[in-house]
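[1] build me a model:
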Amino acid sequence: MLFRWIVGVIGLAVALPLNAETKSKKKPVVGESAAPKKMVPVPSAKVAAPDPAPEVTPDGKLAAAPNASIASADILEFHAQPPGVQTLIEAGLELTRKNLTYTFGSADPAKGGMDCSGFIYYVLRQHGMTQVPRDSSGLYLWARKAHGFRAVISRKPDSIELDELLPGDLLFWIGTYATDHDPPVTHTMLYLGTEKTTGTKIMIGSSDGRTYRGQKRNGVSVFDFTMPRTPANGEQRSTFIGYARIPGLRN
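    Residues are numbered from 1 along each chain as shown. So this is what the prediction gives:
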């Protein structure tokens, strides 16, 4: 009896560690790998770089933004215009993509820039109009003689005086700089129409300070067509005087 009791106690002592080890082993769930899972590092979110600060000239003024351009399809009235007007507008928009600066006295894009009347002179001659005057005053007289000029004395952008304004018309200003030309027309541009995305009137040409979407531009570019504001002192330096059909363009 004593011998049988001793054998039983020894067997129980051996069985207890084996049972504990068996219970500690967890059976893998069906479809789950028994091997430990590898931790995959999650990439950190990229932070977008802030927009660069606008450049400032040595005199503390904001530098002009790059030339602006749009596609002809972005002009609301473009497809309603005759082929000659469409071709002229396309030719002008192509020049806005060449990064041309405002260069006084130039009518040749090969020189890297053009002035306002130089731009008009160049695109009209490319259009086959060989009798185009070179300067703004001459362009004004040329249009007046063809009876295509519409005077504007209103300062409101929705004036009825602008009701007949069409894409491809010439726009004229006085007072942009001192001149001895008679009449003293000093600035001209080409009207494009209404921009689809903003609903604003736009024009094209060359300038050293006019704006597009609120930013000053320098060179051959698309610009906002807005009436000049009268300064607080009442002095009006630049005045829009009217617009004109390009002789022969819509015939």
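[2] name the single longest strand found in the chain.
    When the chain is parsed with DSSP state E, its longest strand is strand 185-194.
[3] which helices and strands sit right next to that strand?
    The contact analysis (3 or more C-beta pairs under 8 Å, 6 or more residues apart in numbering; DSSP states H and E) places strand 185-194 against helix 83-96, helix 116-126, helix 136-145, strand 170-174, strand 201-207. Every residue, glycine included, has its C-beta placed from N, CA and C.
[4] G214: how many residues sit nearby?
    G214 has 7 neighbours, counted by other C-beta atoms under 10 Å.
[5] and it, what does it touch?
    D224 (C-beta atoms under 8 Å, 6 or more residues apart in numbering).
[6] does L141 really touch V132, like I thought?
    No. At 11.8 Å, L141 does not count as touching V132 under the criterion of C-beta atoms under 8 Å.
[7] buried residues in the helix or strand harbouring R150?
    For R150, the host element (DSSP states H and E) is strand 149-151. Within strand 149-151, the residues that qualify as buried are F149, counting by 16 or more other C-beta atoms under 10 Å.
[8] what are the boundaries of the strands in this protein?
    Counting by DSSP E, the strands of the chain are 101-102, 113-114, 149-151, 170-174, 185-194, 201-207, 211-212, 215-216, 219-224, 239-244.
[9] turn these into a markdown table, including mean pLDDT and distance to D74.
    Formatted as a markdown table, these follow (pLDDT from 0 to 100; distance: least, C-beta to C-beta, whole Å):
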| stretch | mean pLDDT | distance to D74 |
| --- | --- | --- |
| strand 101-102 | 96 | 23 |
| strand 113-114 | 97 | 23 |
| strand 149-151 | 97 | 25 |
| strand 170-174 | 97 | 19 |
| strand 185-194 | 98 | 9 |
| strand 201-207 | 98 | 9 |
| strand 211-212 | 96 | 13 |
| strand 215-216 | 94 | 17 |
| strand 219-224 | 98 | 10 |
| strand 239-244 | 96 | 21 |
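[10] please identify the deepest-packed of the helices and strands packed on strand 185-194.
    strand 201-207 (a mean of 25; mean count of other C-beta atoms under 10 Å).
[11] listing partners with orientation, what would you give for that one?
    strand 185-194 (antiparallel), strand 219-224 (antiparallel) (DSSP bridges).
[12] next, give phi and psi for the closest residue to T194 other than its chain neighbours.
    In space, and not counting its chain neighbours, T194 is closest to L76: 4.2 Å by C-beta to C-beta, 6 or more residues apart in numbering. With angles defined as degrees, to the nearest 10, L76 sits at phi -60, psi -40.
[13] by how many degrees do the longest strand of the chain and strand 239-244 diverge?
    60 degrees (axes from the mean of the first three to the mean of the last three C-alpha atoms, to 10 degrees).
[14] switch to numbering from 33
    In the new numbering, first residue 33, that becomes strand 217-226.
[15] distance from strand 217-226 to the middle of the chain?
    In this view, strand 217-226 has its centroid 18 Å away from the chain centroid, taken as C-alpha atoms, centre = their mean, to the nearest Å.
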